[in-house]
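*Asks:* Prediction below, plus the sequence it came from.
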Amino acid sequence: MRSSLLVAAAASCLAARSPAQSIADQYRATAQRIAQAALADSAAWNRIAELTEKFGNRFSGSPSLEQAIDWIIAQMKADGLENVRGEPVMVPRWIRGEESAEMIAPRAQKLPMLGLGGSVATPPGGVTADVMVVTSYDDLTRRAAEATGRIVLFNVPFTSYGETVRYRSGGAVAAARAGAVASMIRSVTPYSMRTPHTGGMAYDSTVTKIPHFAITPEDADMIARLIARGEKVRVHVTMSAHFLPDSPSRNVMGELRGRELPDEIVAMGGHIDSWDVGRGAMDDAGGVVAAWQAVLILKKLGLQPRRTIRVVGWTNEENGTRGGNAYRDQHRAEADKHSLVVESDGGVFRPLGFGFTGSDSAFRIMQQVGALLDVVGAGQMTRGGGGADIGPIMGLGVPGAGLNVDGTRYFWFHHTDADTVDKLDPREVAQCAAAMAILAYVIADLPQRLPR
């Protein structure tokens, strides 16, 4: 009897482990083939270079964005992808215009600056005022009486993006509420070579809109030290930023059609738009191209999964996320047929794994796939992941994952003129493409969709 119980218990354990063994046994050799093919050349890096250097930055509403989308459509068709298309999206069009800032007291010095996306302009003659330095919103609240008629500088060192970016997004509202005539922030970055960073900001309709711009950490600290020594710092800023009417754009996509269940989908990609500075190589042409290259690797190897793998370049992530919202709306009827959506929007640096949002049973499957990703060092599967573009359709219950990478240097170049392809390593880009290819292929080829 005891022997029978032991045999039954062993059989039960084997049955419980069989899904992990099945995935590992079935796909390990395929994962290794995919990794070898991805690492055999620098095709993904070369395509990022070509895209970003041919078209430059690709801001929403710009001709360069639409020209880049036309080029991607033509290239995807030439690559043999199926159902290549652009799906229409109306996007906001903010124009930076001419802008400059200068410290005029206690001495004259030009201040490298970037207006923050969505900011209003200064009056035609600019704004000239004394600077008040604050180190937090609480500091501004305590000293609000000092802010009237001044330019408030939020000199807040980088701790994490989520914490520090609050001053970029909401600084103008807080400063205006205290009576400031303009606001400027220390650029949201942990490292600087006197390079300002742009990014999105917002207004409150109940508060006067004032110009909002970023200066470099070096200059923010200099101004703070001057004022601490008793000097009066005066700054002149001129900005001509303005909005034009919404403009037509597109989400761009192509597919590797599934062999058995072509109406079921694994969608992956990044956003094809960028800010209007730099060339948007890291943020986020790399994410789009890594997903695109992932599908090309599968095609090259003759690997056609059960389900369709759809590569997507979402538009307008940077200053509106209208691409992600439009994708949800245009594909709402097939949301239940999406097995997984995946986004890469953290730079295609050395991949670590994926963050996943979905059911416990789906996460267990993702962990099993993670073991296959160890072949490129990307086996870490963690709870919680997604992205701005896939967030809307994830809101309909679709499981989502975000590529996690070694982001040590990401915020050094984020939203700056320095976001160029030389910041990316060809082998790391290839590793990202391999990780996305392995993940997408396995999930698309499993007998069942990921459980909700």
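*Replies:* Structure received. The structure presented is a predicted model; accordingly, all values stated were derived computationally and were not measured. Residues are numbered from 1 along each chain as shown.

*Asks:* From now on I want contacts and neighbour counts done on CA atoms only, so please keep to that.
*Replies:* Fine.

*Asks:* Now do the buried residues in stretch 374-389.
*Replies:* For stretch 374-389, burial by neighbour count (16 or more other CA atoms under 10 Å) applies to 374-382, 385-389.

*Asks:* Show me which of those residues is closest to residue 199.
*Replies:* Proximity of these to residue 199 (CA to CA) peaks at residue 388, which lies at 14.5 Å.

*Asks:* Test my guess that the closest one contacts residue 321.
*Replies:* Yes: between residue 388 and residue 321 there is a contact at 6.9 Å, judged by CA atoms under 8 Å.

*Asks:* Could you list the domains of the protein?
*Replies:* Domain assignment for the chain by automatic domain parsing gives 25-94+245-445, 97-240.

*Asks:* shouldn't residue 437 be in contact with residue 298?
*Replies:* Yes: using CA under 8 Å, residue 437 makes contact with residue 298 at a distance of 7.1 Å.

*Asks:* And the buried residues of stretch 374-389, which is closest to residue 348?
*Replies:* residue 378 (12.3 Å).

*Asks:* looking at this, the closest one is in a helix?
*Replies:* No: counting by DSSP: H, G, I helix; E, B strand; the rest coil, one finds residue 378 to be coil, located in no helix.

*Asks:* Phi and psi next, for it.
*Replies:* Dihedral angles of residue 378 (phi, psi; degrees, to the nearest 10) stand at phi -120, psi 40.

*Asks:* where do the strands sit along the stretch 151-300 of the chain?
*Replies:* 151-154, 182-186, 212-215, 234-239, 242-256, 261-271 (DSSP state E, counting those that start in this stretch).

*Asks:* Ok, which of these comes nearest residue 433?
*Replies:* strand 261-271 (10.5 Å).

*Asks:* Any buried residues in the closest one, and which?
*Replies:* 262, 264-271.

*Asks:* Stretch 164-174 too?
*Replies:* 164-165, 167-174.

*Asks:* Pick out the residue nearest the middle of this protein.
*Replies:* In the chain, the residue lying closest to the centroid (CA atoms, centre = their mean) is residue 345, at 3.1 Å.

*Asks:* for it, what are its contacts?
*Replies:* 270-271, 283-284, 287, 387, 402-403 (CA atoms under 8 Å, 6 or more residues apart in numbering).

*Asks:* make it 10 Å
*Replies:* Counting by CA atoms under 10 Å, 6 or more residues apart in numbering, residue 345 touches 269-271, 282-288, 317, 386-389, 402-405.

*Asks:* In helices, which of these fall?
*Replies:* Counting by DSSP state H, these place 286-288 in helices.

*Asks:* got a winner among those residues for most neighbours?
*Replies:* Most neighbours among the ones in helices among the contacts of residue 345, by other CA atoms under 10 Å: residue 286, with 34 neighbours.

*Asks:* Let me see the contact set for that one.
*Replies:* 44-45, 47-49, 51-52, 269-272, 280, 292, 344-349, 421, 424, 429, 432-433.

*Asks:* now residue 35: how far from residue 253?
*Replies:* Computed as CA to CA, to the nearest Å, the residue 35 to residue 253 distance reads 24 Å.

*Asks:* Likewise for residue 352?
*Replies:* According to CA to CA, residue 352 and residue 253 sit 26 Å apart.

*Asks:* the more surrounded of those two?
*Replies:* Ranked by neighbour count (other CA under 10 Å), residue 352 and residue 253 place residue 253 first, with 26 against 22.

*Asks:* who's in contact with the more buried one?
*Replies:* Applying CA under 10 Å, 6+ apart, the residues contacting residue 253 are 69, 72-73, 76, 81-87, 267-269, 288, 292, 310-314.

*Asks:* Pretty sure the residue nearest to the centre of the chain sits in a strand.
*Replies:* No: assigned with three-state DSSP, residue 345 falls outside any strand and is coil.

*Asks:* Need the per-residue pLDDT for it.
*Replies:* If you check residue 345, the pLDDT there is 98.

*Asks:* Likewise for residue 22?
*Replies:* Per the predicted model, pLDDT is 79 at residue 22.

*Asks:* how about low-confidence regions in the stretch 351-452 of the chain?
*Replies:* Judged against pLDDT under 70, the stretch 351-452 of the chain has no low-scoring part.

*Asks:* got the residue ranges for the strands in it?
*Replies:* With strands called from DSSP E, counting those that start in this stretch, the stretch 351-452 of the chain shows them at 351-357, 380-383, 400-405.

*Asks:* quick one: which of those is nearest residue 140?
*Replies:* Closest of these to residue 140 is strand 400-405, at 35.5 Å (criterion: CA to CA).
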